[in-house]
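Colleague: how would this look folded up:
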Amino acid sequence: MTLPNTDDLNEDLSTQAIHADKDVRGNAVAPPIYATANFAATSEEEFGEMATQPRHERFYTRYGNPTNRQTEVTIAALEGAESALVTGSGMGAISTAVLTLVSQGDHVIGQQHHYGGTTSLLRDVLPRFGVDVTLVDQTDISSFERAIKKSTRLIVLESPSNPLLRLTDLRAVGQLARENNALTLIDNTFATPCNQRPIELGIDLVAHSATKYMGGHSDIIAGVVAGPTKLVEKIWKASLIFGAVLSPFDSWLLLRGLRTLPIRVERHNQTALAIARFLEAHPRVRVVNYPGLESHPQHDLAREQMTGFTGMLSFELDGGAKEADQFIGKLKLPSHAASLGGVESLIVRPAAMLAQQISEAEFQTIGITPGLIRLSVGLENERDLISDLEQALA
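Modeller: Now for the predicted structure:
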């Protein structure tokens with residue numbers, strides 16, 4: 001199988017990850033941390049300017065901060081966006097964006113497959129405020145077409161989805177939204193801008209749990225939303241009220257992680273594909289969900305809109321939940337922990353992790369079986385990981 005040619009893209013992103021913020025960094029080689037809640041003005045005139053200028057980075061850190069500004073400029077460059085806003089968590093980014101863009105009486109289209117927090121926001125929170133929500137099959141563009149109403153204001157996407165790695169045709173949905181005067185927002189956490197650039201495919205806003213691949217070291221909680229300046233500033237105004245602020249120190253850690261994002265993701269991609277192929281060939285493995293496999297039902301779409309296939313995969317063994325737990329317990333390298341996208345491999349059984357957010361009936365509807373295993377492939381040696389998986393399967 002021929003992999004997508006990522007050389008030019010990765011070289012461009014690697015350069016931007018290191019140099020995109022030079023104009024706002026000043027002459028500091030390593031970015032400084034502005035660990036201050038507020039900034040002093042030298043005159044009443046300057047204070048008035050600081051207080052009224054949108055997103056002033058030297059007034060009050062809830063409004064903006066020089067360290068956060070550097071991180072935002074870098075992420076915007078990586079996503080090919082005009083602007084970005086960092087937040088205190090991924091759900092802080094998604095919730096603030098969604099609540100900014102919709103009002104009572106509006107209609108939102110989401111997917112049946114989303115991260116659990118996003119599902120709860122769409123299913124449980126928005127209807128309480130008079131927002132109508134329809135969840136559709138993301139693999140079928142006609143399901144989006146059927147769901148469109150005159151009141152549709154926003155389409156919320158996630159591709160590849162968590163944890164079944166299903167894809168959404170981003171170009172088609174983006175066009176559908178534009179034709180119906182709706183906005184689109186995608187959670188691009190699994191793909192990262194190294195594997196997928198949704199804005200280039202016609203999506204309006206891109207959100208991430210920057211806790212994951214962007215930070216890359218499992219030591220921060222952060223989020224980001226990127227897109228047109230006009231929309232991002234509107235979301236920023238709402239963020240002043242909701243208060244999901246990212247601390248400058250965590251922003252500094254996130255920026256440090258961004259410097260190596262392209263090279264890390266390249267390694268994640270390579271090792272995950274090798275592991276997916278190993279698991280697919282193993283007699284005890286019933287199914288492997290990974291868009292880089294030719295057996296994936298949306299492999300052609302993955303090759304069309306992605307330049308790499310992510311470090312995430314999920315799979316099922318023949319013996320259900322009991323066998324899955326036994327398998328996880330035998331592993332020596334992957335940690336049995338939530339989250340994903342770090343330098344270390346992490347493994348979970350989603351049905352156990354999401355039991356408080358999703359009912360058993362909903363699990364059945366969206367296809368998450370009790371024995372499904374999700375693996376976030378880290379940066380360990382490929383042979384060591386496969387050897388560990390092999391001994392646990394034995």
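
Colleague: tell me the contacts of Ala276?
Modeller: By Cβ atoms under 8 Å, 6 or more residues apart in numbering, the contact set of Ala276 is 288, 290, 292-293, 313. Just so you know, the C-beta spots here come from the backbone N, C-alpha and C atoms, and that holds for glycine as well.

Colleague: Okay, and Ser269 sits in which element?
Modeller: Let me fix one detail, which is that residue 269 is Asn and not Ser. helix 261-281 (DSSP states H and E).

Colleague: mind listing what's buried in that helix?
Modeller: Of the residues in helix 261-281, 261-262, 264-280 count as buried by neighbour count, 16 or more other Cβ atoms under 10 Å.

Colleague: by how many degrees do the helix or strand just after it and helix 261-281 diverge?
Modeller: Next helix or strand after helix 261-281 toward the C-terminus (DSSP H and E): strand 285-289. Relative orientation of strand 285-289 and helix 261-281, computed by axes from the mean of the first three to the mean of the last three Cα atoms, to 10 degrees: 150 degrees.

Colleague: and strand 285-289, what does it pack onto?
Modeller: helix 261-281, strand 312-317 (3 or more Cβ pairs under 8 Å, 6 or more residues apart in numbering; DSSP states H and E).

Colleague: okay if I get those as a markdown table plus distance to Thr192?
Modeller: As requested, the helices and strands packed on strand 285-289 are exported to a markdown table (distance: least, Cβ to Cβ, whole Å):
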| stretch | distance to Thr192 |
| --- | --- |
| helix 261-281 | 5 |
| strand 312-317 | 11 |
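
Colleague: quick one, which of these is nearest to Asp12?
Modeller: helix 261-281 (8.8 Å; Cβ to Cβ).

Colleague: Would you mind getting the angle between that closest one and strand 312-317?
Modeller: Using the same axes, to 10 degrees: helix 261-281 against strand 312-317 is 10 degrees.

Colleague: Okay, Ala324 and Pro370: tell me how far apart.
Modeller: 8 Å (Cβ to Cβ, to the nearest Å).

Colleague: Now tell me which helix or strand of this protein has the poorest mean pLDDT.
Modeller: Within the chain, no helix or strand scores below helix 360-366, which has a mean of 68 by mean pLDDT, DSSP states H and E.

Colleague: distance of Thr152 from Leu176?
Modeller: Distance from Thr152 to Leu176, by Cβ to Cβ: 10 Å.

Colleague: cool, and Ala37?
Modeller: Distance from Ala37 to Leu176, counting by Cβ to Cβ: 44 Å.

Colleague: again, but for Arg58
Modeller: Using Cβ to Cβ, Arg58 is found at 42 Å from Leu176.

Colleague: Repeat that for Leu346.
Modeller: In terms of Cβ to Cβ, Leu346 sits 35 Å off from Leu176.

Colleague: May I ask which helix or strand encompasses the residue lying closest to Asp106 once chain neighbours are set aside?
Modeller: The shortest distance from Asp106 to any non-neighbouring residue, by Cβ to Cβ, 6 or more residues apart in numbering, is to Arg153 (4.3 Å). For Arg153, the host element (DSSP H and E) is strand 152-158.

Colleague: Now do that strand: which elements does it pack against?
Modeller: Short answer (3+ Cβ pairs under 8 Å, 6+ apart): strand 152-158 packs on helix 90-101, strand 107-111, helix 170-179, strand 183-187.

Colleague: Would you mind giving the ones you listed as JSON lines with distance to Arg197 added?
Modeller: As requested, the helices and strands packed on strand 152-158 are exported to JSON lines (distance: least, Cβ to Cβ, whole Å):
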{"stretch": "helix 90-101", "distance to Arg197": "18"}
{"stretch": "strand 107-111", "distance to Arg197": "20"}
{"stretch": "helix 170-179", "distance to Arg197": "10"}
{"stretch": "strand 183-187", "distance to Arg197": "11"}
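
Colleague: As a markdown table, the ones you listed with mean pLDDT and mean neighbour count would be great.
Modeller: Below are the helices and strands packed on strand 152-158 laid out as a markdown table (pLDDT from 0 to 100; neighbours: other Cβ atoms under 10 Å):
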| stretch | mean pLDDT | mean neighbour count |
| --- | --- | --- |
| helix 90-101 | 98 | 24 |
| strand 107-111 | 98 | 25 |
| helix 170-179 | 98 | 19 |
| strand 183-187 | 98 | 26 |
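
Colleague: Please identify which of those is closest to Val224.
Modeller: Ranking the helices and strands packed on strand 152-158 by their distance to Val224 (criterion: Cβ to Cβ) puts helix 90-101 first, at 5.7 Å.

Colleague: tilt between the closest one and strand 183-187?
Modeller: Using the same axes, to 10 degrees: helix 90-101 against strand 183-187 is 170 degrees.

Colleague: Run the angle between helix 90-101 and strand 152-158 for me.
Modeller: Going by the same axes, to 10 degrees, helix 90-101 makes 160 degrees with strand 152-158.

Colleague: For helix 90-101, output the C-alpha coordinates as CSV.
Modeller: Provided in CSV are the C-alpha atoms of helix 90-101 (Å, rounded to 0.1, in the frame of the first residue of the first chain):
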residue,chain,number,x,y,z
GLY,A,90,-10.8,20.8,25.2
MET,A,91,-14.4,20.9,26.4
GLY,A,92,-13.9,24.5,27.4
ALA,A,93,-13.1,25.2,23.7
ILE,A,94,-16.0,23.2,22.3
SER,A,95,-18.6,24.3,24.8
THR,A,96,-17.7,28.0,24.6
ALA,A,97,-17.7,27.8,20.8
VAL,A,98,-21.1,26.0,20.6
LEU,A,99,-22.8,28.2,23.2
THR,A,100,-21.5,31.3,21.4
LEU,A,101,-22.9,30.3,18.0
